[in-house]
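Peer 1: Provide a 3D model corresponding to the input given below.
(one chain, ligands or ions: 1)
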Amino acid sequence: MSGLEGVVAAQTILSEVDGLAGRLIIRGHALDQLAGRWTFEQVVGLLLDGFFPDMPEDVSGALGAARVRVFAQVAGLDAVLAARPPVEAVRALMARLPDGDDLETALNLIAAPAVFTAAVLRAAGGEAPIAPDAALSHAPDTLRMMRGSAPSAGEAAALDTYLVTVCDHGLNASTFAARVVASTQAGLGSAVLAGISALKGPLHGGAPGPVIDMLDAIGEPQNARPWLEAALDRGERLMGFGHRIYRVRDPRADALKTAVRLLGRDSEGAAGRIAFAEAVEQAALAILRERKPDRPLETNVEFYTALLLEALGFAPSAFTCVFAMGRTAGWVAHAREQTAGGKLIRPQSLYVGPAPKAAA
Ligand code: ACO
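Peer 2: Below you'll find the model as predicted:
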């Protein structure tokens, strides 16, 4: 019963995670058929297909319009909020959006993490927010809003690949949280807030920031083994390794590794960072095999997420927000699927506390 491991809690047409084969299917497409080939907008259309009667065939224009709409909420980003960790500031801005179950609410929610993350990062640097450009695609507009200048085509493609890679992943903790809230018919906004709250924990979407901390603390390839062994001796977990479902390599790690390599092709610094990270990865996998021979622990999505988002210039403190940019599409689709099914999620607990004392 611990952690509901192995329990089937929903039927879905959205995605399948095959942990033994190391395969992720999103609505009939294997991840490697989507990552680096489909745009984020196309995958949003794929996930939402059939859930809204007024869905356009191409959501690009509607998603751009949603970015412009939600930008109005950036006015609520005051100094108190800007001083919070980015994921908390973004979550607070998301809570200001009107709740609902319609397509406009859905697209607002999918657009919002990009707009709010860019504004929150700029506010942290004392800079004014930059308004969205509805004519651009989601990934390049996100980088432009964050930096104030247009990204290269390669950088835009790398972020697009990332958003597609993390858009949905079965009944992970945040998606389950979103479905529980959706099952009460609270609205898509409430479901997404539940999702982002679950995502921020370090055992789920909060791991990539600590991956950078780990790489920085190791510093040189020759330090990897002693540093990692000392961390395990202290009872710590190695961030970016292990997964509840995958018993082989997480296919998303490979999709992102390819994207990071493409990004590093033109930069000596980036190539060196990737080579160093690969050395740390190999050392970690070898040590985990020695220490936990009965538990296959492989690289998960967060390890190469960290490298990719670092190379794109995102602050590690904002990595979870970038994860939410992609995963909100999955949360919204799951929330709609859950409400269409109509049943309230309400399991039972087993009481193991004391019995009431008999009256004297
Ligand atoms: N480093 C060291 N040991 C580990 C790690 C790790 N990263 N992951 C699991 N283990 C060990 C545990 O200590 C435990 O050992 P024990 O049986 O001797 O006590 C055993 O493997 C099983 O661990 P569980 O916690 O039962 O496995 P679970 O399936 O719940 O863990 C999880 C999955 C939470 C992701 C875990 O592997 C972990 O903490 N990884 C590090 C954090 C991380 O990378 N999170 C991102 C996950 S990907 C995502 O959510 C998007």
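Peer 1: how about the residues of this structure near the ligand?
Peer 2: Contact residues, the chain versus the ligand (CB under 6 Å from any ligand atom): 3, 203-205, 207, 237-244, 292, 295, 297, 300-302. C-beta: built from backbone N, CA, C; applies to glycine.
Peer 1: take the residues you listed and keep only those in helices.
Peer 2: Assigned to helices by DSSP state H, the following of these qualify: 301-302.
Peer 1: buried subset of the residues of the chain next to the ligand?
Peer 2: Among the residues of the chain next to the ligand, those classed as buried by 16 or more other CB atoms under 10 Å are 204-205, 207, 238-244, 297, 300-302.
Peer 1: which pair in those residues spans the largest distance?
Peer 2: With CB to CB as the measure, no two of those lie farther apart than G205 and L297, at 18.7 Å.
Peer 1: before we move on, back to that, out of the buried ones among the residues of the chain next to the ligand, who's nearest the ligand?
Peer 2: G242 (2.2 Å; CB to the nearest ligand atom).
Peer 1: how long is stretch 49-58 from one end to the other?
Peer 2: End-to-end span of stretch 49-58 (CA to CA, to the nearest Å): 11 Å.
Peer 1: give me the residues contacting the least confident helix or strand in the chain by mean pLDDT.
Peer 2: The weakest-scoring helix or strand in the chain, judged by mean pLDDT, DSSP states H and E, is helix 251-264 (a mean of 89). Residues from elsewhere that reach helix 251-264, judged by CB atoms under 8 Å, 6 or more residues apart in numbering: 22-24, 31-32, 35-36, 154-155, 157-158, 161-162, 165-166, 169, 270-271, 273-274, 298-301, 303-305, 307-308, 311-312.
Peer 1: filter these down to the ones in strands?
Peer 2: Among the contacts of helix 251-264, DSSP state E puts 23-24 in strands.
Peer 1: filter the contacts of helix 251-264 to the buried ones?
Peer 2: By neighbour count, with 16+ other CB under 10 Å, the contacts of helix 251-264 hold 22, 24, 31, 35-36, 155, 157-158, 161-162, 165-166, 169, 270, 273-274, 298-301, 303-305, 307-308, 311-312 as buried.
Peer 1: just the strands in the stretch 101-250 of the chain please.
Peer 2: Counting by DSSP state E, counting those that start in this stretch, the stretch 101-250 of the chain has no strands to list.
Peer 1: residue ranges of the helices in it, please?
Peer 2: 103-124, 138-147, 153-165, 173-183, 188-199, 208-218, 224-233 (DSSP state H, counting those that start in this stretch).
Peer 1: could you tell me the least trusted of the ones you listed?
Peer 2: For those, mean pLDDT drops lowest on helix 208-218, to a mean of 92.
Peer 1: identify each buried residue in that helix, please.
Peer 2: Neighbour count says helix 208-218 has 208-212, 214-215, 218 buried, by 16+ other CB under 10 Å.
Peer 1: which strands and helices lie in contact with it?
Peer 2: Judged by 3 or more CB pairs under 8 Å, 6 or more residues apart in numbering; DSSP states H and E, the packing partners of helix 208-218 are helix 224-233, helix 268-291, helix 301-311, helix 319-341.
Peer 1: would you turn the ones you listed into CSV with distance to S190?
Peer 2: Shown next, in CSV, are the helices and strands packed on helix 208-218 (distance: least, CB to CB, whole Å):
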stretch, distance to S190
helix 224-233, 38
helix 268-291, 38
helix 301-311, 26
helix 319-341, 9
